[in-house]
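# Here is a sequence together with a model predicted from it:
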Amino acid sequence: MDLLRDSAKKITKASILRLARRAGVARINAKVYDEVRAALRSYLETIIRDAAIYCQHERRKTMKSRDVVHALKRQGNLMYGFEQ
């Protein structure tokens, strides 16, 4: 998952701070940014792995949005607007 590791590094401090502010956080310690990136990487690995399993089960090579929605539902996260 080298691609995912490189992509996680591209998530800027400003982006993380914006998300934190949206959640009501005023300030963030500098050490938190790497922890957030690690947590995001772990979360995305799980979702992408589950979505790939759904895709393989249907014998497709192209991942569709419904695969991701099913993977999110499996993890207990609902995506509104994608009900079937």
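Great, that's in hand. Residues are numbered from 1 along each chain as shown.

# Check the protein for its longest helix and report it.
Criterion DSSP state H: the longest helix present in the chain is helix 32-57.

# For R59, which three-state class applies?
When classified by DSSP: H, G, I helix; E, B strand; the rest coil, R59 comes out as coil.

# what about it, how many neighbours?
Other residues lying near R59 total 6 when counted by other CB atoms under 10 Å. For glycine as for every other residue, the C-beta is placed from the backbone atoms N, C-alpha and C.

# Check the gap between the nearest residue to I53 once chain neighbours are set aside and Y80 for me.
Distances taken as CB to CB, 6 or more residues apart in numbering place A71 nearest to I53, at 8.0 Å, with adjacent residues excluded. As judged by CB to CB, to the nearest Å, A71 and Y80 stand 16 Å apart.

# between these two, which one's more packed in?
Between A71 and Y80, A71 has the larger neighbour count (other CB under 10 Å), namely 22 against 5.
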